[in-house]
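>>> 3D, please:
(chains A and B)
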Amino acid sequence: MKAAIIRFPGSNCDQDCFYALNDVFHVETYYVWHKETSLEGFGLIVLPGGFSYGDYLRCGAIARYSPVMQSVVREAEKGTHVMGICNGFQILCEAHLLPGALVRNRSLHFVCKHVNVRVENCRTAFTNTALTGQSLNIPIAHGEGNYVADAETLRELNRGGRILLRYVDNDGAVSDPANPNGSAENIAGICNARGNVFGMMPHPERASDARLGSEDGKFIFESVLVSAGFIKAEK
Amino acid sequence: MMKEPAITPGVIASHGITPGEYERIKGILGREPNFTELGIFSVMWSEHCSYKNTRLQLKKFPTTGPGVLVKAGEENAGVIDIGDGWAVAFKMESHNHPSAVEPFQGAATGVGGIIRDIFTMGARPVFSLNSLRFGPIQGGGAAEKTNRRLFAGVVSGIAHYGNCIGIPTIGGEIYFDESYNGNPLVNVFCLGVLKHEQIARGAAKGVGNPVFYVGAETGRDGLAGAAFASRDLTEESKEDRPAVQVGDPFREKLLLEACLELLATDAVAGIQDMGAAGLTCSTCETASRGGTGVEIDLAKVPKRETGMTPYEIMLSESQERMLIIVKKGHEQTVRDIFEKWDLPYAEVGVVKDDGMMRVLDHGHTVSEIPASKLANDAPVYSRETKPRPAPEPLDAASLPVVDNHKALLQLLSHPGIASKNWVYRQYDHTVRAGTCVPPGSDAAVFLIREANKIVAATTDCNALYCSLEPREGARIAVAEAARNLTCAGARPIAVTDNLNFGNPHNPENFWQLVECVEGLAEACRAFNTPVTGGNVSLYNQSPAGAIDPTPTVGMVGLIEDEHHITRSHFVKAGDTIILVGELGSELGASHFLKVVHGKKAGHVPKLDFTKELTVQEAVRSLVKSRLVKSAHDCSEGGLAVALAESCMSGGDLRGAEINFGSTGLRLDQLLFNESQSRIIISVAATNASAVLSLLEWRGVPARSLGVVGGEALVIRADGAELNWTLAELHKAWYFSIADAMSAN
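The predicted model follows:
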């Protein structure tokens, strides 16, 4: 079993994701250059954070046209687990693998801080080692993390249990002050209808080492690695 | 070919070249220079590139030590051993003048420049810091409005570049003072990691080796920026906006990855970034270091614009460019890597054995200058000095009595002391997954995963001290930096400095510079922290006058064990708070005087190296014994501010009950004096008496001040009691900058 980390020009969390998968979870991990056209044989595909193509036109808007994205779409259709973090989430939305879009933060400023996100549905490929209602402390760092979608899409996401993470306060409650970027319904992470493609704005790879203040990001990686068959569940 | 302007006395003067310097140029060339050559000399012999006014002073710094692998001045940045075959390259550099006229791009390209200096050494940049200074931002006047615009622009410029390139900005300092009106300081620091054998050199070695230009195309931006940075800022400086470069962090990210990928092969004989003085500086410096010559043809240089003259190409400071001397036969490796990263590259020249920097344009020679003389034979000046009068001693007893409750809130809400969250929220400080202690503590702490080493870093300079007594102020800047590292659990290892001063032709300004340099040198010897490089920025003056002398110190330390990482905030109710050091009494040059009484006056607190070292060694030893739960340096605002900060800086608010007992001091003098060599620690209550007795045994003055806990900071002394709720402290401290910035 191998995991792939896609490297777009301007990706800058690729090495952090590599360390989380390779060093923390001992998964055989490879970087895949955006000009590659095949992702055959990977059990997990990660689109890391960063500023792909400088985010110059619109976050993720150019990256979706990278040669490798056709293979990402193909693999997603086959059911391979695909996970986008921050800029990766933006690219997945631009590529229509996930609904909605991520626009400029409500404050108009880049925001970097630790936030609490609540697991809204633990019966998914990306959250199954956590519990529904559990708060995870994971940092965010983005200028465009404000999730928007039309009312119908939001209804569908809610109905399908596809909102996996919401920003919450220290008491685990969804509130406006706890919403760091203005996202609709405090949404921090969603998955597709089939449940194999997931995007989240917080950075679990920056919360996978106690020395950095939190290991809660490991719940996300562990869940997907269990679902994709890389490791066995401990529960 | 376009005809170049004739050389007239007016043309020479407009290049900032004195008649004496012009004679020297003629002596070197054995003839009159042409226009392009004059331009080349003017940028290479600017203060920014040649250090002609400061070279004699910089020699006073201690630059050697057992861990120094690359010394100051040898290369783009110094390199220090951190053990197990690993090393760090780090340096601080200023972008003051560009930021004054175009804050966003000025600051952004400052970050880009310092990052290039680091990866030029073969190191992977892992984090940045910055030291920023502006005029006051609170108030409705035109000056404050301008200062807010500059401050907001600089912060977003740093955020734009650092966040995009993916190098975390994890700490630094910010001050606000009238002396920086119209002349902000933007000093940026970057640190990178490498293995000893990966150290790359900026030398053009190997006659016959091809010279490659890689990175962004050359445009007309930043023309002669180094010369611009070596003049006073005036009303007309905004006309110099073309001298400010435009940065593209995305390009630099690609350039960084491509260069590191290339350096990991065996293809590179030498590498140099094109920073100040661009193509000029990189060609003559590599030739000079290699003891060779370099010949380039400008026709082959990738260009962004048409019709650029040789003068413009040689003096352009377009960003994100590098010069690489490639080992003959390895050209294809370079082409493959730069094509992979979609970056422009071109073979533009060759290493020669004649010691000349020869510039051709379509095969015609447009300039021919002995490289090493151009790089190293700039005139060296010893400027006239005139001591400023010593400050009058302050009679603390004569100060009007103020409301001390209000005074602490006033100090905490002063933007220089207030929380900098408005700033560091905008910086990605967690990318690279290594930030152990984020901004807001005494020093930033970073886990360098590649090397499995933990480093701490800080920047410090109390320019108010330096304005009153420059030598003492500079000594304290080094001591405070070391103290901050000690508080983080680190052992200081080396220093980079950024000397920001006014026009050196003013004897008082130059005296300040000499005093500061000697003070820094003395202190660096005392702390055994060699200076590994840095930057000089002179001519920091606006029509209102010179800035306060600001010799910013960037210091790096090593933390041996992750359990030694210590933060400034109280962690547990019931812990005992201990002051390591004396109560102190010196109010001169304090922030209390400045902020509450509106005075920059009095003597700077005295620093005794022996005392300081004893205090720091004692705290480090307690940290190693894992007895210290928090440690915070006592600096601007004195004991009261330090205690309040320890209550708040951790995010969770924790109160404290303090009892000083009977001190015999006036309350304001006790609360706000800035005597040196003091650290406030907290320890488990059960360990308190053991810690106190250990300190006593080491001969370090120390006393228990009280206990962590409650919803307020309560201070009792000499029968008086003061009480601040955590909510009121937090409101004053945490939102002050955001509130100021929301005004218009």
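>>> Neighbours of the closest residue to chain A within chain B, how many?
Closest to chain A within chain B is B:Gly166: 2.5 Å, counting by Cβ to the nearest Cβ. No exception for glycine: its C-beta is placed from N, CA and C like everyone else's. When neighbours are defined as other Cβ atoms under 10 Å in any protein chain shown, B:Gly166 has 25 of them.
>>> Likewise for the one 5 residues further on?
The local packing count at B:Gly171 equals 31, with neighbours defined by other Cβ under 10 Å.
>>> isn't it right next to B:Thr458, touching?
Yes: the pair B:Gly171 and B:Thr458 qualifies as a contact (Cβ atoms under 8 Å) at a distance of 6.6 Å.
>>> Common neighbours of those two, please.
With contacts taken as Cβ atoms under 8 Å, 6 or more residues apart in numbering or on different chains, the residues that reach both B:Gly171 and B:Thr458 are B:Leu129, B:Ala443, B:Ala444.
>>> Most neighbours among these, which one?
Across the shared contacts of B:Gly171 and B:Thr458, the neighbour count under other Cβ under 10 Å reaches its highest value at B:Ala443, namely 34 neighbours.
>>> Hmm, B:Gly557 and it touching each other?
Yes: counting by Cβ under 8 Å, B:Ala443 does reach B:Gly557; the two are 7.3 Å apart.
>>> joint contacts of these two?
B:Ala456, B:Ala457, B:Leu485, B:Ala488, B:Ala490.
>>> And the buried ones among those residues, selectable in PyMOL?
The following PyMOL line selects those of the shared contacts of B:Ala443 and B:Gly557 that are buried, judged by 16 or more other Cβ atoms under 10 Å in any protein chain shown:
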select buried, chain B and resi 456+457+485+488+490
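>>> what does chain A put close to chain B?
A:9-10, A:12-13, A:15-16, A:19-20, A:33, A:35, A:49-51, A:53-56, A:109-113, A:139, A:141, A:143, A:203, A:205-206, A:208-209, A:211-213 (Cβ under 8 Å from any Cβ of the partner chain).
>>> In strands, which of those residues appear?
Restricting those to those inside strands, with DSSP state E as the criterion, leaves A:Trp33, A:Val111, A:Cys112, A:Lys113, A:Pro139, A:Ala141.
>>> how about the nearest residue to A:Val168 once chain neighbours are set aside, what does it touch?
Closest residue to A:Val168 apart from its sequence neighbours, by Cβ to Cβ, 6 or more residues apart in numbering or on different chains: A:Arg118 at 4.4 Å. Contact partners of A:Arg118, counting by Cβ under 8 Å, 6+ apart, are A:Gly133, A:Gln134, A:Ser135, A:Leu136, A:Leu165, A:Arg166, A:Tyr167, A:Val168, A:Gly172, A:Val174.
>>> Can you tell me which of the ones in strands among the residues of chain A next to chain B has the most neighbours?
Of all these, A:Cys112 has the most neighbours under the rule other Cβ under 10 Å, reaching 27 neighbours.
>>> wait, that one sits on B:Val423?
No: applying Cβ under 8 Å as the test, A:Cys112 and B:Val423 come out as separate, 10.8 Å apart.
>>> Pull up the gap between A:Ala4 and chain B, please.
Plainly put, A:Ala4 is 18 Å away from chain B if you go by Cβ to the nearest Cβ, to the nearest Å.
>>> Please list the outside residues in contact with the host helix or strand of that residue.
When secondary structure is defined by DSSP states H and E, A:Ala4 falls within strand A:2-7. Residues from elsewhere that reach strand A:2-7 (Cβ under 8 Å, 6+ apart): A:14, A:17-18, A:21, A:27-34, A:39, A:41-48, A:68, A:72, A:88, A:230.
>>> In its sheet, which strands sit next to that strand, and in what direction?
Applying DSSP bridges to the sheet, strand A:2-7 is found paired with strand A:28-33 (parallel), strand A:44-47 (parallel).
>>> ranking these by burial, who's on top?
Greatest average neighbour count among these goes to strand A:44-47 (a mean of 27), per mean count of other Cβ atoms under 10 Å in any protein chain shown.
>>> how far does the next helix-or-strand element following that strand sit from the chain's center?
Using DSSP H and E, the helix or strand that follows strand A:44-47 in sequence is helix A:67-78. The chain centroid and the centroid of helix A:67-78 are separated by 17 Å under Cα atoms, centre = their mean, to the nearest Å.
>>> Out of the residues of chain A next to chain B, which end up buried?
A:9-10, A:12-13, A:15-16, A:19-20, A:49-51, A:53-55, A:109-112, A:139, A:141, A:143, A:203, A:205-206, A:208-209, A:212-213.
>>> Would you confirm that B:Pro492 belongs to a strand?
Yes: the assignment for B:Pro492, made by DSSP: H, G, I helix; E, B strand; the rest coil, places it in a strand.
>>> Nearest to chain B: which residue in chain A?
Across chain A, the shortest distance to chain B (Cβ to the nearest Cβ) belongs to A:Asn12, at 2.5 Å.
>>> Would you map the helices across the stretch 401-550 of chain B?
In the stretch 401-550 of chain B, the segments counted as helices under DSSP state H, counting those that start in this stretch are B:404-413, B:421-424, B:463-468, B:470-488, B:507-526.
>>> how many other residues sit next to A:Phe126?
Other residues within reach of A:Phe126 by the criterion other Cβ under 10 Å amount to 29.
>>> quick one, what contacts it?
A:Met83, A:Leu164, A:Gly189, A:Cys191, A:Phe198, A:Ile220, A:Ser223, A:Val224, A:Ser227.
>>> and if you look at B:Pro393?
B:Gly588, B:Gly602, B:His603.
>>> again, 7 Å this time
Listed by Cβ atoms under 7 Å, 6 or more residues apart in numbering or on different chains, the contact partners of B:Pro393 are B:Gly602, B:His603.
>>> Next one: it from B:Asn462, what distance?
In this structure, B:Pro393 lies at 19 Å from B:Asn462, with Cβ to Cβ, to the nearest Å as the measure.
>>> same check, this time on B:Leu260
37 Å.
>>> Looking at these two, which one has more neighbours?
For the pair B:Leu260 and B:Asn462, the greater number of neighbours falls to B:Asn462 (25 against 19), based on other Cβ under 10 Å.
>>> Show me what the longest helix along chain B is packed against.
With residue count as the measure and DSSP state H as the assignment, chain B has helix B:142-165 as its longest helix. Based on contacts counted as 3 or more Cβ pairs under 7 Å, 6 or more residues apart in numbering or on different chains; DSSP states H and E, the elements that helix B:142-165 packs against are helix B:103-120, strand B:124-134, helix B:249-263.
>>> re the thing from before, could you export the shared contacts of B:Ala443 and B:Gly557 as TSV, including pLDDT and distance to chain A?
Formatted as TSV, the entries for the shared contacts of B:Ala443 and B:Gly557 read as follows, by pLDDT from 0 to 100; distance: Cβ to the nearest Cβ, whole Å:
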residue	pLDDT	distance to chain A
B:Ala456	98	13
B:Ala457	98	17
B:Leu485	98	18
B:Ala488	98	14
B:Ala490	98	15
